[in-house]
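A.B. asks: only the shape, not the letters, is given here:
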DNA sequence: AATGAATGAGATTTCATTCAT
DNA sequence: AATGAATGAAATCTCATTCAT
């Protein structure tokens, strides 16, 4: 039991080190040894917890998905557009709280086609589409809202994320409100 | 003279090959030899036109910037919001016409911190901010439009691009209209 | 005392496991951990009984030598050629009874030049030469028998062993009789 | 054409170097770099001609098979037992002329189960069995010759080879005559 | 005595880059 | 200018061995 916990903890430590190193240097320029050094262990020990360098990147992606799923699961209840606003705010806050993690997703994107970033976006779009459908049923939606609106909501979030990652003077947390204003409040009937 | 033209042409051929190869396999998995093969020349010949493998990526980035600058330069005249709508449409069309090129920008992002994606976004934001300022002067802008709106416009474009790159069933060209509707028409006074 | 016996028993268990593992996968492809697993103990425990991985191979060789010496010591008495026939039969039976063990000798040969397979063959040749000398003294030997005959007797045994190890449809035990017929009976005066 | 010849020559050079290195240190202890150094080239260049370290061993085996096949193909004509004698002599001479090569076969045996030493022995046995059948048809064979005699002939050769490899004071070439005397002349009707 | 996590030396292999032809 | 064989630096990964528990 104790051993198992330790093992999980150690794995998470390594993953945390990997996130920091990958965010700092990019995955392509990061060596397994860099991750080990950041985690304070020997190179070979990384392989006791992850089968390969690529598995580290996959692990980062997994842990991002877990966080992402957690956010989607907590929009609570109330009117659909309120829930949508909470969803957008929740995702932005989650990303803002984990900049390194978010940065590494770019490497997942670029270097690991097998890690399915497409499905992450799809999942967001589906959750949002469902909320828009409910809003329409509730009569809260302006009738001229595009069928592509879910894509636009995701785009607003991810596009702001991208600009923040490129330049941290872009204030991601402050952007949550305008994103919601534009993509949620702006479509109320 | 003729030789010089040939040289430029050959360089562009190689760059085109690099774009296709990088888009297909990702930069990290692309070998100089792959690019040479795609261009129909020998590996060593690539080095007659580009100093290194990284220089190929830099070349792709440069040619993207050139295209991007060209689009920004052609918003024409008329009212500010009309020009903004043309800017957005122009960028989206340009990206849609060069999917491989756009895909490679992700690798630029992830693998080449020295290639300044941040400045690309900044340039877009500045052009858009200028147009918004003019629109405000023309009295065309709703007074409550956020100071962050330029960031949101860029986000909408880049966020849609990202989703289209991840999944080509996301219809980038069709998204131009809703993007404009939301981010340009939606802010008219 | 008891502990000492236990220790010896445990050492032999590990050696037996090593023989099975090495025979199955070859020494080069066998890991210390494989041997430990086969013996039902932890990897580190192997080192309580053997100083190194190579020592396991040396141990296998030692135990082969012990068996081999035992066979040479039991040719009993009687006429020299009868004792030679018993020697040949005894060696073949010993090998046939310990196929894994014999298989591992190939790895000793190939991987451990310090383990002296040459001396094993030499010892056989010397024992056989001595018997041939006695047979000659007893007038039992055809006068034209080659001075190299001892080498041929060893060759017949080892050569059959080799073929049996390569392909177990070669019937080693059945070959004992023809070997004796050819190399022992065939040289009677 | 010239390039092709060079390429083949270079491949053979490397293979020759591999034979020498493997014979000297054993395959297990031989590094690709050792082979490269023996061939006077850089480590990486070995990989231009052989896909892996194991491929070097496979190459050695292949070239042994080629030599072996060549010997089997040159027993000429005449009476079956004469041809058998020539076969035996030819194989022994071939082995004696290529001690390093023969030494490496032990590593093939021990380290590369996929390289089929069993088939080499089988091929020898089949060629010899065929000659024995013909000798019987020619009435040259003693009626009591064992059905296993082909195995014994192969054993005599391989067993002498083994002893010579272990100790070069065992005179392989001198042993050809006694081997033939015992295994070929000894079975004449 | 037994364990098995941790170590790190060392081997294989890749591939960007060079350069003789 | 073009080639592609050769190079060797560098990275991944393995696993024998150690040692704290």
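C.D. replies: That came through, no problem. Being a predicted model, the structure only gives us computed values, none of them experimental.
A.B. asks: tally up the residues packed near residue A:68, please.
C.D. replies: 18 (other Cβ atoms under 10 Å in any protein chain shown). Any C-beta I mention is one placed from the backbone N, CA and C, and that applies to glycine too.
A.B. asks: ok so it is a helix residue?
C.D. replies: Yes - counting by DSSP: H, G, I helix; E, B strand; the rest coil, residue A:68 is located in a helix.
A.B. asks: so who does it touch?
C.D. replies: A:91, A:94, A:120, A:123 (Cβ atoms under 8 Å, 6 or more residues apart in numbering or on different chains).
A.B. asks: looking at those, state which has the most neighbours.
C.D. replies: residue A:91 (24 neighbours).
A.B. asks: in which helix or strand does that residue reside?
C.D. replies: In the assignment (DSSP states H and E), residue A:91 maps to helix A:80-97.
A.B. asks: what's the offset of that helix from the middle of its chain?
C.D. replies: Relative to its parent chain, helix A:80-97 has a centroid offset of 12 Å by Cα atoms, centre = their mean, to the nearest Å.
A.B. asks: with stretch A:182-189 instead?
C.D. replies: The chain centre lies 24 Å from the centre of stretch A:182-189; the measure is Cα atoms, centre = their mean.
A.B. asks: hmm, who's touching that stretch?
C.D. replies: With contacts defined as Cβ under 8 Å, 6+ apart, stretch A:182-189 is touched by A:81, A:84-85, A:88, A:135, A:139-143, A:145, A:149, A:152-153, A:156, B:146, B:149, B:152, B:182-183, B:186.
A.B. asks: buried subset of those?
C.D. replies: A:81, A:84-85, A:88, A:135, A:140-141, A:145, A:149, A:152-153, A:156, B:146, B:149, B:152, B:182-183 (16 or more other Cβ atoms under 10 Å in any protein chain shown).
A.B. asks: take those and keep only those in helices.
C.D. replies: In this view, those that belong to helices under DSSP state H are A:81, A:84-85, A:88, A:135, A:149, A:152-153, A:156, B:149, B:152, B:182-183.
A.B. asks: let's have those in CSV, adding pLDDT and distance to DNA strand E.
C.D. replies: Shown next, in CSV, are these (pLDDT from 0 to 100; distance: Cβ to the nearest atom of the strand, whole Å):
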residue, pLDDT, distance to DNA strand E
A:81, 96, 49
A:84, 97, 44
A:85, 97, 45
A:88, 98, 41
A:135, 97, 50
A:149, 98, 43
A:152, 98, 38
A:153, 98, 39
A:156, 98, 37
B:149, 98, 42
B:152, 98, 39
B:182, 96, 42
B:183, 97, 41
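A.B. asks: next, give me the two most distant ones among these.
C.D. replies: Pairwise distances across these peak at 23.5 Å for A:135 and B:149 (criterion: Cβ to Cβ).
A.B. asks: could you list the low-confidence segments of chain A?
C.D. replies: Along chain A, segments meeting pLDDT under 70 span A:1-5.
A.B. asks: got the residues of it near DNA strand E?
C.D. replies: Residues of chain A found near DNA strand E, taking Cβ under 7 Å from any atom of the strand as the criterion, are A:3, A:10, A:41-45, A:47-49.
A.B. asks: of these - the most surrounded one?
C.D. replies: residue A:49 (19 neighbours).
A.B. asks: helices of chain A, start to end?
C.D. replies: A:2-25, A:32-39, A:43-49, A:53-72, A:80-97, A:99-111, A:117-137, A:149-166, A:172-183.
A.B. asks: give me the angle between the helix holding residue A:91 and helix A:172-183.
C.D. replies: 160 degrees (axes from the mean of the first three to the mean of the last three Cα atoms, to 10 degrees).
A.B. asks: and the residue of chain A nearest chain D?
C.D. replies: Closest contact between chain A and chain D, by Cβ to the nearest Cβ, is at residue A:52 (19.1 Å).
A.B. asks: show me what contacts that residue?
C.D. replies: For residue A:52, the contact set (Cβ under 8 Å, 6+ apart) is empty.
A.B. asks: and it, backbone torsions?
C.D. replies: Main-chain dihedrals, residue A:52, degrees, to the nearest 10: phi -160, psi 170.
A.B. asks: check the spacing between it and DNA strand F real quick.
C.D. replies: From residue A:52 over to DNA strand F the distance is 4 Å, taken as Cβ to the nearest atom of the strand, to the nearest Å.
A.B. asks: re the thing from before, out of the contacts of residue A:68, which comes closest to DNA strand F?
C.D. replies: Taking Cβ to the nearest atom of the strand as the measure, residue A:120 is the one of these closest to DNA strand F, at 24.6 Å.
A.B. asks: does that closest one touch residue A:66 like I think?
C.D. replies: No - in this structure, residue A:120 is not within contact of residue A:66 by Cβ atoms under 8 Å, at 11.7 Å.
A.B. asks: enumerate the residues of chain A near DNA strand F.
C.D. replies: Residues of chain A lying close to DNA strand F by Cβ under 7 Å from any atom of the strand are A:30-33, A:43-44, A:47, A:51-54.
A.B. asks: recalculate using a threshold of 10 Å.
C.D. replies: By Cβ under 10 Å from any atom of the strand, the residues of chain A that approach DNA strand F are A:2, A:27-36, A:42-48, A:50-56.
A.B. asks: narrow those residues to those that are buried.
C.D. replies: If we count by 16+ other Cβ under 10 Å, the residues of chain A next to DNA strand F have these buried: A:27-30, A:32, A:34-36, A:46, A:50, A:56.
A.B. asks: which two from the residues of chain A next to DNA strand E end up farthest apart in space?
C.D. replies: The span of these, defined through Cβ to Cβ, is set by A:3 and A:43 at 22.6 Å.
A.B. asks: which one of the residues in chain A is closest to chain C?
C.D. replies: As assessed by Cβ to the nearest Cβ, chain C sits closest to residue A:48 within chain A, at 13.0 Å.
A.B. asks: what's the closest non-adjacent residue to residue A:118?
C.D. replies: Among residues not flanking residue A:118 along the chain, residue B:166 sits closest, at 3.8 Å (Cβ to Cβ, 6 or more residues apart in numbering or on different chains).
A.B. asks: same deal with residue A:14?
C.D. replies: Per Cβ to Cβ, 6+ apart, closest to residue A:14 is residue A:39, 4.9 Å.
A.B. asks: do residue A:154 as well
C.D. replies: Excluding the flanking residues, the one nearest residue A:154 by Cβ to Cβ, 6+ apart is residue A:124, at 4.8 Å.
A.B. asks: list the contacts of the one you found.
C.D. replies: When contacts are counted by Cβ under 8 Å, 6+ apart, residue A:124 touches A:72, A:91, A:150, A:153-154, A:157.
A.B. asks: now residue A:135
C.D. replies: Taking Cβ under 8 Å, 6+ apart, we find residue A:135 in contact with A:79-81, A:84, A:141, A:187.
A.B. asks: now it. Nearest residue, chain neighbours left out?
C.D. replies: Nearest to residue A:135 is residue A:80, by Cβ to Cβ, 6+ apart, at 3.9 Å.
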